[in-house]
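# pasting the structure only:
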C-alpha cells in the first residue's frame, strides 16, 4: 500500500485539498498520513525562568487540543464521500514545515504529498514565496498541489509537457502509472520552436514505445510557447497539469514565473509537480 502525506493547517484551503487526497488514495490504494505542524515562539528563559516550561506546555497543549478536535471533522468528510475505508493516521509536530515534511517523507516512506494552496492571487504567488512553493523545491517525491478553487472532479485527462529528454520519459512513466489507476488519458504536448534540436526520429521512437499506453502526443510548431501551453490547457480540458521541477531552478524549461502568472486564469486545475534530477 502506498502512502500519501497530507500537511494541513485545518483551513478551508487544506480541507478542500483533503477531498482530493481521499479520492486519490482510493484510486492508488494508499493510506493518508495527516501532518499538522506548528511553531513554538522563541522565549529567552533568563527573563522567564519560572514560567518558561509552563508557557511551552500550555502552547503544546492548545495545539494538541485543536488537532484532536479537527481530526473527527476530516473523518466525517471521508464518511460523507463513502471513503471512510481509506486508512488515516496522524502526526503532530512542532518546528519548520519543510523540515517536518522531509522528516515524515523519510520516516514514513511517503510516496506522494497532497497539499492545498490559497491561489487567491494566482499561480505566481502560489509557487514563489509560499509554503507550497518551498515544499515543492525541497522534496523528492511527487506532489499534488490543489488550489482552493479546484473542487474535486473525476480525473479523466492529465496534461504533460515534454522536450523528449530521457529524464522527461522517467516522469512520463510515473504519470502513466497514475493515469492507468485512475483510468485517465494523458495528453502530452511538445512545442517545437524554430531552434529546437528534437528530431522526428526521436518523436516517433517515443510514440512507438508508448503505443500501448493511454497517451496522445501533440507536436505544435510555434515560437510562442506560453500561448500554446495556455491554449492546450483550455482546449484540451485538462483535469490535472503535470510540471517537472528542479531544486536548483524550481520549474525547469517551459514553466517560468511569467507563464505561471498567465495560467492564473486556470487556477482551478490541480498541479502534479514531479521532481527530476
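Received the coordinates, thanks. From a predicted model like this one, the values you see are computed outputs, not experimental measurements.
# nearest residue to residue 31 in space, please, no chain neighbours.
Nearest residue to residue 31, sequence neighbours excluded (Cβ to Cβ, 6 or more residues apart in numbering): residue 87, at 3.7 Å. Glycine gets a C-beta too; all of them are placed from N, C-alpha and C.
# contact partners for that neighbour?
1, 31-32 (Cβ atoms under 8 Å, 6 or more residues apart in numbering).
# these into a markdown table, with extra columns for secondary structure?
Formatted as a markdown table, those follow (DSSP: H, G, I helix; E, B strand; the rest coil):
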| residue | secondary structure |
| --- | --- |
| 1 | coil |
| 31 | strand |
| 32 | strand |
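# now, of these, which are buried?
residue 32 (16 or more other Cβ atoms under 10 Å).
# what's the burial count for residue 72?
Using other Cβ atoms under 10 Å, residue 72 is surrounded by 9 other residues.
# for it, helix, strand, or coil?
helix.
# for residue 30, see how far away it is.
22 Å (Cβ to Cβ, to the nearest Å).
# with residue 221 instead?
With Cβ to Cβ as the criterion, residue 221 and residue 30 are 40 Å apart.
# hang on, the earlier thing: look up how far residue 200 lies from the residue nearest to residue 31.
With Cβ to Cβ as the criterion, residue 87 and residue 200 are 48 Å apart.
# can you check residue 268 too?
As judged by Cβ to Cβ, residue 268 and residue 200 stand 36 Å apart.
# looking at these two, which is more packed in?
residue 268 (14 against 9).
# ok, that one - contacts?
Going by Cβ under 8 Å, 6+ apart, residue 268 touches 147, 149-151.
# can you lay out these as TSV showing secondary structure, neighbour count and distance to residue 205?
Listed next are those as TSV, based on DSSP: H, G, I helix; E, B strand; the rest coil; neighbours: other Cβ atoms under 10 Å; distance: Cβ to Cβ, whole Å:
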residue	secondary structure	neighbour count	distance to residue 205
147	strand	25	36
149	coil	15	39
150	coil	23	35
151	coil	11	39
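# from these, pick the one nearest residue 216.
Nearest to residue 216, judged by Cβ to Cβ, of the contacts of residue 268 is residue 150 at 23.3 Å.
# could you say what helices and strands the strand or helix carrying residue 15 packs with?
Under the criterion of DSSP states H and E, residue 15 resides in helix 12-28. If you count contacts as 3 or more Cβ pairs under 8 Å, 6 or more residues apart in numbering; DSSP states H and E, helix 12-28 packs onto strand 2-7, strand 30-38, helix 52-80, strand 112-117, strand 143-147, helix 166-182.
# can I get the ones you listed in TSV with mean pLDDT and distance to residue 272?
TSV is the format used below for the helices and strands packed on helix 12-28 (pLDDT from 0 to 100; distance: least, Cβ to Cβ, whole Å):
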stretch	mean pLDDT	distance to residue 272
strand 2-7	94	13
strand 30-38	90	15
helix 52-80	72	22
strand 112-117	90	9
strand 143-147	88	5
helix 166-182	92	7
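# point out where this structure drops to low pLDDT.
39-64, 119-138, 246-267, 277 (pLDDT under 70).
# just grab the bridge partners of residue 113 for me.
residue 5, residue 143 (DSSP bridges).
# which residues does it contact?
Contacts of residue 113 (Cβ under 8 Å, 6+ apart): 4-7, 101, 105, 135, 139, 141-144.
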